[in-house]
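**Student:** Structure, please.
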Amino acid sequence: MPTQSRENDKHCAVPRDVVGETGKVLWVLMGTVAIVLLIARANVANLLLMRADGRQHELGIRAALGAGITASIRTSRSRALIRRATAQDTTGRFRTRE
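**Tutor:** Predicted coordinates for the structure are as follows:
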């Protein structure tokens, strides 16, 4: 192994003989994965904002129709409990599969 490549291996996290010539391809792949994850985070944030906006609209309509704050809180809590139970049931099913 020439001395110049040994000097470059000191600065590299993975030795060049392990990665070989696929180093640039791995960097492109890692960049692509990072972009996809960034897009996924933006989509989740958008979905959460839309859900909150829908809830605010629903609460405004309920208040206009005369529903009290207790009824709105009760409805919100029951929906949250149903959502949580459904999520736990789904995760339990995935965990028990072999």
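**Student:** And the host helix or strand of Arg51, how far out from the chain middle?
**Tutor:** Secondary-structure assignment from DSSP states H and E places Arg51 in helix 23-65. A distance of 8 Å separates the centroid of the chain from that of helix 23-65, by Cα atoms, centre = their mean, to the nearest Å.
**Student:** I'd like the mean pLDDT over the next helix or strand after it, please.
**Tutor:** Next in sequence after helix 23-65, counting helices and strands by DSSP H and E, comes helix 69-96. Mean pLDDT, helix 69-96: 82.
**Student:** now helix 69-96 and helix 23-65, what's the angle there?
**Tutor:** With axes from the mean of the first three to the mean of the last three Cα atoms, to 10 degrees defining the directions, helix 69-96 sits at 150 degrees from helix 23-65.
**Student:** Report all helices and strands that helix 69-96 contacts.
**Tutor:** With contacts defined as 3 or more Cβ pairs under 8 Å, 6 or more residues apart in numbering; DSSP states H and E, helix 69-96 has these neighbours: helix 23-65. From N, CA and C alone the C-beta is placed, and that goes for glycine too.
**Student:** Against which helices or strands is the helix it packs on packed?
**Tutor:** Using 3+ Cβ pairs under 8 Å, 6+ apart: helix 23-65 touches helix 69-96.
**Student:** repeat that with 10 Å
**Tutor:** On a contact count with 3 or more Cβ pairs under 10 Å, 6 or more residues apart in numbering; DSSP states H and E, helix 23-65 meets helix 16-19, helix 69-96.
**Student:** So which of those helices is the most surrounded?
**Tutor:** Highest mean neighbour count of these: helix 16-19, a mean of 12 (counted as mean count of other Cβ atoms under 10 Å).
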